[in-house]
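Undergrad: Predicted model and sequence follow; I will ask about them next.
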Amino acid sequence: MKTISIVIHGGAGTLRKGMMTPKKETAYKTALQLALDSGYSVLKTGGTAVDAVEKAVTVLEDSYLFNAGKGSVFTADETHEMDASIMDGNSLNAGAVSLISGIKNPVSLARDVMEKSEHVFLAGVGAMEFAKKHNYKLKDDTYFYDELRHQQWLEIKDTDNFQLDHSLKKDSKFGTVGAVACDSNGNIAAATSTGGMTNKRFGRVGDSPMIGSGNYANNKTCAVSCTGSGEYFIRGVVAYDVACLIEHKGMNLVEASDEVINKRILEIGGDGGLIAVDTNGNIAMPFNTEGMYRACKSSTGKEEISIYK
Ligand code: ASP
């Protein structure tokens, strides 16, 4: 049987040891473990990479700890606008949604766009119409509300500032989420989901739902999910850049991921990280920030849950 593996992330940023209470650190690790195990058991029972990444991301979206689904950050209008994407490396099918509200699991809506529409990317009112057509029940604002996120927003509301959860203070939390997986047939997939940036306005959309920037999968090369300063990740076409370095420069997964995160994106001013797998189940999880919530598990026996460098 081929190597199966899954990698997940819960965001990258200013995460220094000692910044978080031990209790909080345990809560994050427990949430990561739950998402990791849920995705891995899909792979172990013969499920596809697409099923596994969707499963892992929904578990992370359901946790208030991360900036995706429940616990998403606040926009300038004190609302939540979420973005998500998913890509199947075998068929190159992809689905993405942005500027959606009230949807418990944005990644599942992205998957429905991939599988039940002729399109790849639906946004705003149209995406919500699509959700309605596919019988999504909307959650009210209280479901997404989180005290800490609200506090972060109160501190910068009525200013022109918008903030990545990346430049945070002591004991704050952040975390776009993502998953990449390689299944027992050697197919790979990637999924990413986020609430974006605190106090964002003007319909701001980051890299997370953009195929090629925050998310990409192709059996020929790799599956990638990113987290970081979205504006830079869009300009760096980061996820696709990793695939290009593998395809055109002959780099391996770890070399290509490292080159993009620790060189190319840094050179244009971007900070963050990514997770990646290839069809041999190899894993990469580089980041150029102080920490990244991350975890991986593979049938080779490798298992890791980490936060700091
Ligand atoms: N990349 C996301 C965005 O710009 C944010 C993040 O990764 O935390 O929307």
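TA: Cool, got the structure.

Undergrad: Flag every residue of the protein that's near the ligand.
TA: 11, 67, 164-165, 176, 194, 196-197, 206-208, 214, 227-228, 230, 233 (Cβ under 6 Å from any ligand atom). The C-beta positions use only the backbone N, C-alpha and C, and glycine is treated the same way.

Undergrad: Out of those residues, which one has the weakest pLDDT?
TA: Lowest in pLDDT among the residues of the chain next to the ligand is residue 165, which has 58.

Undergrad: In the stretch 1-150 of the chain, what residue comes closest to the ligand?
TA: residue 11 (4.9 Å; Cβ to the nearest ligand atom).

Undergrad: In strands only, show me the residues of the chain next to the ligand.
TA: 11, 194, 227-228 (DSSP state E).

Undergrad: ok, and the most crowded of the residues you listed?
TA: The member of these that has the most neighbours, counting by other Cβ atoms under 10 Å, is residue 227 with 36 neighbours.

Undergrad: so who does it touch?
TA: 9, 11-12, 175-178, 192, 194, 208, 214, 272-274, 292 (Cβ atoms under 8 Å, 6 or more residues apart in numbering).

Undergrad: Neighbour-wise, give me the winner out of the residues you listed.
TA: Among those, residue 192 has the most neighbours (other Cβ under 10 Å), with 39 neighbours.

Undergrad: if we look at the sheet, which residues does that residue bridge to?
TA: Note on residue 192: beta-bridge partners by DSSP bridges are residue 85, residue 178.

Undergrad: Please name the residues that touch it.
TA: Per Cβ under 8 Å, 6+ apart, neighbours of residue 192: 57, 84-86, 107, 176-178, 208-209, 214-215, 225-227.

Undergrad: and the nearest residue in space to residue 228 that is not next to it in sequence, how far is that from residue 57?
TA: Nearest non-adjacent residue to residue 228, counting by Cβ to Cβ, 6 or more residues apart in numbering: residue 272, 1.4 Å away. Applying Cβ to Cβ, to the nearest Å, the value for residue 272 to residue 57 is 17 Å.

Undergrad: could you pull out the helices for this protein?
TA: Taking DSSP state H, the helices of the chain run over residues 22-44, 49-61, 106-116, 124-133, 141-144, 147-156, 230-235, 238-249, 253-259, 265-267.

Undergrad: what about residue 157, neighbour count?
TA: For residue 157, the count of nearby residues is 16 (other Cβ under 10 Å).

Undergrad: I'd guessed it sits against residue 199; true?
TA: Yes. At 6.2 Å, residue 157 and residue 199 qualify as touching, with contact defined as Cβ atoms under 8 Å.

Undergrad: Now do the shared contacts for these two.
TA: Shared contacts of residue 157 and residue 199, counting by Cβ under 8 Å, 6+ apart, come down to residue 76.

Undergrad: in this structure, what secondary structure element scores lowest on mean pLDDT?
TA: helix 147-156 (a mean of 85; mean pLDDT, DSSP states H and E).

Undergrad: May I see the buried residues of stretch 229-246?
TA: By 16 or more other Cβ atoms under 10 Å, the buried positions in stretch 229-246 come out as 229-234, 236-246.

Undergrad: er, stretch 41-52 I mean
TA: 42-44, 47-52.

Undergrad: same check, this time on stretch 87-101
TA: 87-90, 93-101.

Undergrad: Stretch 125-141 too?
TA: Buried residues in stretch 125-141, defined by neighbour count with 16+ other Cβ under 10 Å: 127-128, 130-131, 136, 139.

Undergrad: excluding its backbone neighbours, what's nearest residue 3?
TA: That would be residue 281: by Cβ to Cβ, 6+ apart, it lies 3.1 Å from residue 3.

Undergrad: residues in contact with the one you found?
TA: Neighbouring residues of residue 281 by Cβ under 8 Å, 6+ apart: 2-5, 182, 298-300.
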